[in-house]
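[1] I'd like to go over a predicted model; first the sequence, then the structure.
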Amino acid sequence: MVTSAEKFDAYIAKWGHEPVWRGRVGEDGTKGATPFDLLRRVDDTGESLPCALFREYAGEFKGRRQLVWSPGLRDLLE
């Protein structure tokens with residue numbers, strides 16, 4: 001059973017996925033931005049590039065399933 005965010009991140013990482021809410025770290029060690037960090041940046045600075053990047057992200061994910069029940073979880077929780 002996963003009991004902490006760090007353990008969850010490690011579990012997800014072993015399958016080759018990166019949690020979106022954690023952001024990315026580039027090859028040069030700089031931290032990237034989550035999609036919602038981009039929106040905050042637009043609100044804070046008025047820059048147009050983060051807005052364009054968020055629109056691209058939203059366009060790619062629109063209509064796609066982003067969460068899926070694991071086998072047995074729905075039955076366990078209902």
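    Structure received. Numbering: from 1, shown residues only.

[2] all contacts plus neighbour counts: C-alpha atoms, from now on.
    Fine.

[3] which residues in the chain form helices?
    Counting by DSSP state H, one finds helices in the chain at the ranges 5-14, 35-45, 49-61, 73-77.

[4] Give me the mean pLDDT for the shortest one.
    In other words, helix 73-77. Helix 73-77 carries an average pLDDT of 85.

[5] Look up phi and psi at Gly72.
    phi 90, psi -20 (degrees, to the nearest 10).

[6] What separation is there between it and Glu78?
    10 Å (C-alpha to C-alpha, to the nearest Å).

[7] between those two, which one's more packed in?
    The neighbour comparison of Gly72 against Glu78 (other C-alpha atoms under 10 Å) goes to Gly72, with 8 against 5.

[8] hang on, the earlier thing: could I get the helices of the chain as JSON lines with distance to Leu67?
    As requested, these are exported to JSON lines (distance: least, C-alpha to C-alpha, whole Å):
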{"stretch": "helix 5-14", "distance to Leu67": "13"}
{"stretch": "helix 35-45", "distance to Leu67": "17"}
{"stretch": "helix 49-61", "distance to Leu67": "12"}
{"stretch": "helix 73-77", "distance to Leu67": "12"}
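
[9] Please tabulate these in JSON lines, including the columns mean neighbour count.
    Shown next, in JSON lines, are the helices of the chain (neighbours: other C-alpha atoms under 10 Å):
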{"stretch": "helix 5-14", "mean neighbour count": "12"}
{"stretch": "helix 35-45", "mean neighbour count": "15"}
{"stretch": "helix 49-61", "mean neighbour count": "14"}
{"stretch": "helix 73-77", "mean neighbour count": "8"}
